[in-house]
Structures are given as structure tokens and as C-alpha cells.
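S.K.: I'll drop the sequence and a predicted model, then ask my questions.
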2 protein chains.
Amino acid sequence: MLTINDASKRTNLPVKTIRYYDEVGLVLATGRTPAGYRLYDDRSCQKLGFVQRARQFNFSIEECRELLSLYEDHGRPSRDVKKITLSKLALLQKQLDDLTTLTLELQTLANQCTGDDRPDCPILNAFSAGPIDAEP
Amino acid sequence: MLTINDASKRTNLPVKTIRYYDEVGLVLATGRTPAGYRLYDDRSCQKLGFVQRARQFNFSIEECRELLSLYEDHGRPSRDVKKITLSKLALLQKQLDDLTTLTLELQTLANQCTGDDRPDCPILNAFSAGPIDAEP
DNA sequence: ATAAAGCCTCCGGTAACAGGAGGGTCAACC
DNA sequence: GGTTGACCCTCCTGTTACCGGAGGCTTTAT
């Protein structure tokens, strides 16, 4: 059995985060010492790692909860997991598109700005006027 | 002089948001009626629009505050604006890269998953094991 | 006169933790 | 046996940029 600090070192998750996951019931501590210290075993460490990776893929805590229960259920059809993954993928794709547009437009503005002592600034002009047309 | 509702219609910003900008001192109401109703003039509406567009470019409230003061200062050098913009651009670029990597990896996993009745699932396997190698 | 719409302030909630206060516990060392 | 220092606990507050709603005036229209 590991203390929360040991679990932290093993998973590279901050102690605070592990405590938080316990608190919200995402990954519960395996047990407690008589003094109330949280204890974790190999299995719970593995779950922590699982959540960590899912979080890195932008899955929310609630989605992690869902994935974790599928992960625990060894008879689950892979269809269920794929469904969640695909909808998350669509969301990521949209974020990606938005961010790309944004970056292009801002890039265009920065290029147009001389960036010298003169007060005239295409960036501020654009912000004060309206939407921006990116250069082709 | 416009009521907050009129300003909202003109700028397409929610009333709640305009009130919030007043509260945090980003775009103050021009004045108040004897009854305490907020009033906005053309100039403050323009500032609201400015903030709206800057926010669409992912500038935080604090950054908007900075841009707005440069916007108000007609003698400012465009260098100052460009500097802020470029650092924001770098941040956007990094977000973009991260998101791209993420999407590719998740795409790879989804492709590998049969998505049928069988319980074997490459997605969960990957999450339980470690980092993912994207397909070339 | 009254009803509807609009305005106000204040309170609570959101996501996913981080930081810190105040206090108990444990192992080692002298 | 006492003490130091590392570690643990819970509870509270703060973060970002608002949204929703309660309770209560004000204005406008009928």
C-alpha cells in the first residue's frame, strides 16, 4: 500500500489532484490508515494513470468517469468507447478550426503593423472597426 | 444616451456581460440615471465592440484592459501593440500545435478501434498503458 | 390602475484544481 | 524522552469570465 505521496511519485500527478479525484469519487483511495491517511494500491495507481492520459486528451472529469467505468467493465462493447471518442474528436476538430482561423487573422494583423514609433496601428484599427479579412 | 439593453442590441453583447465589464472597470458606463440605470454613449459602445473583438482573439480581460488603454492613447507607438499581439500569437501557436498533436493521436486510436460488440478496445488499452505513437 | 418589460444588486454556480492556514502523525536522531 | 522535519489531514479561498435567478424598484404602455 502506498501513501498519497508515493502514488504521486509513481503517477506524476500532484498530490492535490489525487486528493481531488478521491473527493469527487473519480478514483477513490483504496483505504485509510487508522490516522486517516489515504492509501493506494497498484490497481488504483493504474486508474490514476488512466485518468491522467484521458485528461491529456481533453476528456472532462465526467467523461473520464464514463471511460473509467467502461475500462472497468471487461465485457463492454468497444462500440461504446468509440462513440465517446468520436464525439470528442469532432469537438477537438472544431476547436482546431476556430483556433486556426484566429491565428491566421491575428497573424495578418501583426504583419500589417509596422511596430515602430508611429501611433498608427492596423491592429487597433481592426479591433475598433469590425471583423478582419485574412490575406490570401 | 442608451440603456444597457440598447447597448446590448447595438454590440450583440449580452446585458450580463456589459454589466460585468462595468463592474470590473473594463468599460465603465458613461453615467447613471437618477434611478441608477446605466447609460452608454456611442464612444462606450465602440469600446464594447473593441473588447468584444479582442476577446474573440482570445485576449484575456486584463490584456483587453491593456489594449484598450493603448487604443485610448492616440500618441502610443504601434510597437507596444505589436509586442502584445506577437506574444499572444506565440501562445496561440502553441495551443494549436498541442491540439493538433492531440487530435492526430486520438484519430489514430479511433481508427484502430473496430467499434463493434467485442470488448477488446485499443483506445482503452492505450489509456491504460501509456503514451501513443501516431501512425505515419 | 395595472401589467409587462426592463433595470438594479446580491448570491450562487461553473471546471479543475492550486495555495495556504491550522493542526495531527510519524520516523529518525540526540 | 524530546525534538525536528517531513508528511498527512480538512477546510477555506481564489482562479476565469461570465450565467441564472431571487427579490425588489422603475418605466412604459394600455
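M.R.: Received the coordinates, thanks.

S.K.: which segments of chain A make up each domain?
M.R.: A:4-73, A:79-129 (automatic domain parsing).

S.K.: looking at residue A:117 now. What's its pLDDT?
M.R.: Each residue has a pLDDT score; the one for residue A:117 is 91.

S.K.: distance check, it against chain B.
M.R.: 5 Å (C-beta to the nearest C-beta, to the nearest Å). Any C-beta I mention is one placed from the backbone N, CA and C, and that applies to glycine too.

S.K.: that residue contacts residue B:76, doesn't it?
M.R.: No: assessed by C-beta atoms under 8 Å, residue A:117 is found out of contact with residue B:76, at 9.7 Å.

S.K.: who has more neighbours out of these two?
M.R.: It is residue B:76, of residue A:117 and residue B:76, that has more neighbours when counted by other C-beta atoms under 10 Å in any protein chain shown, with 17 against 10.

S.K.: so who does the more buried one touch?
M.R.: Applying C-beta atoms under 8 Å, 6 or more residues apart in numbering or on different chains to residue B:76 gives the contacts A:119, A:121, B:70.

S.K.: so the last one sits in a strand?
M.R.: When you say that, I think you mean residue B:70. No: assigned with DSSP: H, G, I helix; E, B strand; the rest coil, residue B:70 falls outside any strand and is helix.

S.K.: what about it, neighbour count?
M.R.: Residue B:70 has 19 nearby residues by other C-beta under 10 Å.

S.K.: quick one: secondary structure of the nearest residue to it once chain neighbours are set aside?
M.R.: Leaving aside its chain neighbours, residue B:70 sits nearest to residue B:76 (4.8 Å; criterion: C-beta to C-beta, 6 or more residues apart in numbering or on different chains). Three-state assignment for residue B:76 (three-state DSSP): coil.

S.K.: separation between residue B:76 and DNA strand D?
M.R.: Applying C-beta to the nearest atom of the strand, to the nearest Å, the value for residue B:76 to DNA strand D is 22 Å.

S.K.: got the phi and psi for that residue?
M.R.: Residue B:76 adopts backbone torsions of phi -60, psi 150, taken as degrees, to the nearest 10.

S.K.: excluding its own residues, what touches stretch A:49-57? List them.
M.R.: Under C-beta under 8 Å, 6+ apart, the answer for stretch A:49-57 is A:11-13, A:21, A:26-27, A:61, A:63-64, A:67-68, A:71, A:88, B:102, B:105-106, B:126-128, B:130-131.

S.K.: with stretch A:23-30 instead?
M.R.: Under C-beta under 8 Å, 6+ apart, the answer for stretch A:23-30 is A:1, A:4, A:18, A:21-22, A:38-41, A:43-44, A:47-48, A:51, A:61, A:64-65, A:68.

S.K.: the same query, at a cut-off of 6 Å, please.
M.R.: Applying C-beta atoms under 6 Å, 6 or more residues apart in numbering or on different chains, the external contacts of stretch A:23-30 come out as A:21, A:22, A:38, A:39, A:40, A:41, A:44, A:47, A:48, A:65.

S.K.: what about residue A:107, how many neighbours?
M.R.: What residue A:107 shows, counting by other C-beta under 10 Å, is a neighbour count of 17.

S.K.: what's the local residue count around the nearest residue to it once chain neighbours are set aside?
M.R.: Spatial nearest neighbour of residue A:107, chain neighbours left out: residue B:89 (6.4 Å); criterion: C-beta to C-beta, 6+ apart. When neighbours are defined as other C-beta under 10 Å, residue B:89 has 18 of them.

S.K.: next: residue A:31.
M.R.: Residue A:31: 12 neighbours (other C-beta under 10 Å).

S.K.: check contacts around the residue of chain A most remote from its centre.
M.R.: No residue in chain A sits farther from the centre than residue A:118, which is 41.8 Å out by C-alpha atoms, centre = their mean. Contact analysis of residue A:118 by C-beta under 6 Å, 6+ apart lists residue B:78.
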